[in-house]
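> Generate coordinates for the sequence data below:
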Amino acid sequence: MSLEVMSRNTQEQKTLVVDLDGTLIHSDLLIESFLLLIKQNPLLMFAVVYWLIKGGKAFMKREIARRVDLPVSLLPYNKELVTYLTLQKKIGRTIVLATASDRKFANDVAHHLGLFDNVYASENGVNLSGSRKCEVLSEDFGVNGYVYAGNASVDLKVWKESAAAIVVGSESLAKQSQKLCELEYHFDTSQGGLKVWLKALRVHQWVKNALIFVPLLAAHRMSDVDALVACLLAFVSFSLCASSVYLLNDLLDLPDDRRHKTKKNRPFAAGTLDLLHGLLAAPLLLVVAFGITLFLPIEYFLVLLSYYILTFAYSFYLKRVVLVDVVTLASLYTVRIVAGAAAISVALSFWLLAFSVFLFLSLAILKRYTELLSLKGRSSKKTLGRGYQVEDLELLSSLGGSSGYISVLVLALYINSAEILKLYSNPMVMWPICLVMLYWVSRLWIFAHRGQMDDDPIVFALKDKVSVVCGAIIGAFMVAATF
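Numbers count the residues shown, from 1 in each chain. All right, here's what the predicted structure looks like:
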């Protein structure tokens with residue numbers, strides 16, 4: 001049944017009271033504001049605990065709200081419910097917002113939507129949730145004098161004294177509400193699911209961790225079973241750690257992601273995954289990742305710890321510092337190679353490190369270049385959450401292309417060095433690899449210049465058939481050089 005038809009069948013004389021968190025929006029303002037707070041200063045998480053102990057939940061919400069401004073226009077609103085409320089407003093129904101969120105945020109949301117005649121929210125030390133919300137609403141509107149829209153089991157306490165229920169949630173919750181009052185409307189929503197979690201964990205990005213196997217291949221130890229098992233364990237460990245970081249990044253970057261043309265579809269930004277679940281999953285993945293290090297050399301543990309500390313610093317600060325951000329990204333790729341060497345206890349090659357640093361710096365700059373080019377097309381002046389300006393495009397192109405070519409130069413010098421004779425019988429066969437690399441790097445930058453590059457060049461390369469062919473040719477020449 002359409003919303004238009006349903007609007008004619010509602011209890012029009014009854015005030016419609018709407019919950020905010022999880023109902024009007026696919027998110028939770030307490031968690032959103034907490035994340036913005038610790039992004040400003042991670043040490044404030046200890047202050048949050050102090051506020052909770054000192055004055056309770058409402059006091060804690062007030063203290064957070066005093067320090068944070070939420071961009072309410074970017075929140076993931078329940079579009080179906082907003083449409084329904086708009087129709088109800090047109091037929092003259094009184095609509096009220098009643099939320100356990102702080103008064104400041106509730107007023108901001110009400111002002112943004114322009115649908116509500118009044119706002120009830122947590123204030124003056126009173127947390128407006130569950131039984132307390134029911135008492136306030138029944139006192140003002142009378143028992144069975146209002147219709148309540150909610151989304152969670154805690155709302156059953158309110159529905160006991162409501163004339164009817166609007167349920168935003170599962171079929172099970174709708175059936176429970178019907179035992180207490182009439183069901184006016186049911187918006188069947190669901191969060192999570194395997195597909196959504198895989199997207200949030202960015203399992204497709206785990207392919208980057210294949211760099212862990214590079215030292216194994218470079219040392220020609222592919223037939224060493226113990227070394228192969230160690231690399232596999234390191235790969236799983238690193239992937240889980242990386243997914244933990246991805247979750248943390250997405251949670252901290254909600255406003256910026258919602259402004260981005262593609263990142264706005266990420267699970268947390270879009271509201272298709274519960275923020276609390278993300279907050280719980282991130283440390284759990286991290287514990288499992290470091291638990292696996294018990295089966296690997298201590299050097300690997302130290303490398304993984306360094307990786308996490310660096311990504312933590314990147315998430316909170318370094319990503320907003322011009323050029324430092326791309327150098328950090330390049331380092332994070334190179335750390336994967338270092339981790340692979342630590343896992344099988346082999347010495348790192350200077351040539352391999354130098355090659356990877358310059359190549360990944362080129363790719364990191366390419367990623368920023370692509371973002372800036374996209375913003376230029378939308379007439380924006382500065383990147384979201386970054387320090388770059390569209391005027392930097394030409395310089396970034398020069399720096400990125402130069403870095404990519406230098407990586408090829410390092411490769412050429414390695415092929416001509418004495419060290420290569422320890423691993424390859426006929427290194428001169430590898431010279432065509434330099435030409436393939438020059439072509440590949442140049443091609444990536446041309447595609448970026450044309451605006452045909454995805455945000456992540458690694459993902460682009462994996463999907464690009466020409467890049468795959470280039471990789472196969474390079475592999476063939478490397479194998480030929482061993483004989």
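> List the residues that contact the most centrally placed residue in the chain.
Centroid-nearest residue in the chain, with Cα atoms, centre = their mean: residue 250, separated by 2.3 Å. Applying Cβ atoms under 8 Å, 6 or more residues apart in numbering to residue 250 gives the contacts 200, 257, 266, 267, 268, 269, 278. Bear in mind the C-beta positions are built from the backbone N, C-alpha and C, glycine included.
> Then residue 445?
Neighbouring residues of residue 445 by Cβ under 8 Å, 6+ apart: 366, 397, 400, 401, 404.
> Count the residues that sit near the closest residue to residue 77 other than its chain neighbours.
Excluding its sequence neighbours, the residue lying closest to residue 77 (Cβ to Cβ, 6 or more residues apart in numbering) is residue 25, at 5.4 Å. When neighbours are counted by other Cβ atoms under 10 Å, residue 25 registers 23.
> In the stretch 251-400 of the chain, where is pLDDT below threshold?
Per-residue confidence for the stretch 251-400 of the chain (pLDDT under 70) gives these ranges: 377-386.
> ok, which stretches of it are helices?
In the stretch 251-400 of the chain, the helices defined using DSSP state H, counting those that start in this stretch lie at 254-259, 267-270, 275-292, 298-316, 324-343, 350-377, 393-415.
> Please parse this protein into its domains.
Domain ranges of the chain: 3-188, 194-415, per automatic domain parsing.
> Of those domains, which is nearest residue 422?
For the domains of the chain, proximity to residue 422 was assessed by Cβ to Cβ; domain 194-415 is nearest, at 9.6 Å.
> now the closest residue to residue 191 other than its chain neighbours: how far from residue 91?
Excluding its sequence neighbours, the residue lying closest to residue 191 (Cβ to Cβ, 6+ apart) is residue 274, at 5.3 Å. Remark: distance between residue 274 and residue 91 (Cβ to Cβ, to the nearest Å) = 33 Å.
> More neighbours: which of those two?
The residue with more neighbours, out of residue 274 and residue 91, is residue 274; 19 against 10, by other Cβ under 10 Å.
> and the more buried one, backbone torsions?
Dihedral angles of residue 274 (phi, psi; degrees, to the nearest 10) stand at phi -60, psi 130.
> measure it to residue 152 for me?
To residue 152, residue 274 is 11 Å away according to Cβ to Cβ.
> do the same with residue 235
With distances taken as Cβ to Cβ, residue 235 is found 39 Å from residue 152.
> Which of the two has more residues huddled nearby?
Comparing residue 235 with residue 152 by neighbour count (other Cβ under 10 Å), the higher total belongs to residue 235, at 21 against 16.
> Settle this for me: that one is touching residue 214, isn't it.
No: the criterion here is Cβ atoms under 8 Å, and residue 235 misses it with residue 214 at 11.5 Å.
> Tally up the residues packed near the spatially closest residue to residue 451 that is not a sequence neighbour, please.
The spatially closest residue to residue 451, leaving aside those adjacent along the chain, is residue 373, at 5.7 Å (Cβ to Cβ, 6+ apart). When neighbours are defined as other Cβ under 10 Å, residue 373 has 18 of them.
> Tell me which residues touch residue 373, please.
393, 448, 449, 451.
> Distance of the nearest residue to the first one once chain neighbours are set aside relative to residue 280?
Leaving out its chain neighbours, the residue that sits closest to residue 393 by Cβ to Cβ, 6+ apart is residue 372, at 5.4 Å. Separation of residue 372 from residue 280 (Cβ to Cβ) stands at 35 Å.
> Let me see the ranges of the strands in the stretch 51-200 of the chain.
95-102, 118-122, 146-150, 164-169, 182-188 (DSSP state E, counting those that start in this stretch).
> For residue 23, give me its contacts.
78, 81, 149, 150, 151, 168.
> Check the spacing between it and residue 294 real quick.
Distance from residue 23 to residue 294, by Cβ to Cβ: 44 Å.
> ok, now residue 119?
Distance of residue 119 to residue 294, given as Cβ to Cβ: 53 Å.
> more crowded one of these two?
residue 119 (16 against 10).
> Need the residues that contact stretch 415-427.
Residues outside stretch 415-427 that contact it (Cβ under 8 Å, 6+ apart) are 218-220, 349, 351, 414, 428, 430-431, 433-434, 478, 480-483.
> how long is that stretch from one end to the other?
Stretch 415-427 has its terminal residues 6 Å apart, counting by Cα to Cα, to the nearest Å.
> Just give me the neighbour total for the closest residue to residue 335 other than its chain neighbours.
Spatial nearest neighbour of residue 335, excluding adjacent residues (Cβ to Cβ, 6+ apart): residue 307 at 4.9 Å. For residue 307, the tally of surrounding residues (other Cβ under 10 Å) stands at 20.
> Now for residue 15: which residues touch it?
Applying Cβ under 8 Å, 6+ apart to residue 15 gives the contacts 93, 94, 95, 96, 141, 145, 146, 147.
> Not counting its neighbours along the chain, what's nearest the fifth one?
Nearest residue to residue 141 in three dimensions, chain neighbours excluded: residue 15, at 5.6 Å (Cβ to Cβ, 6+ apart).
> Quick check: phi and psi at the one you found.
phi -60, psi 140.
> Check the spacing between it and residue 367 real quick.
On the measure of Cβ to Cβ, residue 15 and residue 367 end up 51 Å apart.
> now residue 346
Taking Cβ to Cβ as the measure, residue 346 falls 30 Å from residue 367.
> of those two, who's got more company?
Using other Cβ under 10 Å, the more surrounded residue of residue 346 and residue 367 is residue 367, with 21 against 15.
> Verify the stated contact: the more buried one with residue 325.
No: assessed by Cβ under 8 Å, residue 367 is found out of contact with residue 325, at 9.7 Å.
> List the backbone torsions phi and psi for residue 479.
Torsion angles, degrees, to the nearest 10, at residue 479: phi -70, psi -40.
> Give me the pLDDT for it.
Reported pLDDT at residue 479 in the predicted model: 89.
> neighbours around it, how many?
10.
> And for residue 309?
Neighbourhood size, residue 309 [other Cβ under 10 Å]: 10.
> Equivalent analysis for residue 284, please.
The burial count for residue 284: 12, using other Cβ under 10 Å.
> now swap in residue 438 and tell me
Using other Cβ under 10 Å, residue 438 has 17 neighbouring residues.
> and if you look at residue 51?
Counted with other Cβ under 10 Å, the neighbours of residue 51 add up to 18.
> hang on, it packs against residue 58?
No: the pair residue 51 / residue 58 is not scored as a contact, 10.1 Å apart, by Cβ under 8 Å.
> Could you check the pLDDT of residue 12?
Residue 12 is given a pLDDT of 50.
> check contacts around the closest residue to residue 340 other than its chain neighbours.
Nearest residue to residue 340, sequence neighbours excluded (Cβ to Cβ, 6+ apart): residue 212, at 3.8 Å. The neighbours of residue 212, taking Cβ under 8 Å, 6+ apart as the test, are 231, 234, 235, 238, 336, 337, 339, 340, 343.
> which residue packs closest to residue 361, ignoring adjacent ones?
Nearest non-adjacent residue to residue 361, counting by Cβ to Cβ, 6+ apart: residue 330, 3.9 Å away.
> coming back round to it: how about the contacts of residue 23 in JSON lines, adding neighbour count, pLDDT and distance to residue 244?
Supplementary listing: the contacts of residue 23 in JSON lines, determined by neighbours: other Cβ atoms under 10 Å; pLDDT from 0 to 100; distance: Cβ to Cβ, whole Å:
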{"residue": "78", "neighbour count": "22", "pLDDT": "95", "distance to residue 244": "29"}
{"residue": "81", "neighbour count": "22", "pLDDT": "96", "distance to residue 244": "33"}
{"residue": "149", "neighbour count": "29", "pLDDT": "96", "distance to residue 244": "35"}
{"residue": "150", "neighbour count": "28", "pLDDT": "95", "distance to residue 244": "32"}
{"residue": "151", "neighbour count": "24", "pLDDT": "94", "distance to residue 244": "28"}
{"residue": "168", "neighbour count": "25", "pLDDT": "95", "distance to residue 244": "30"}
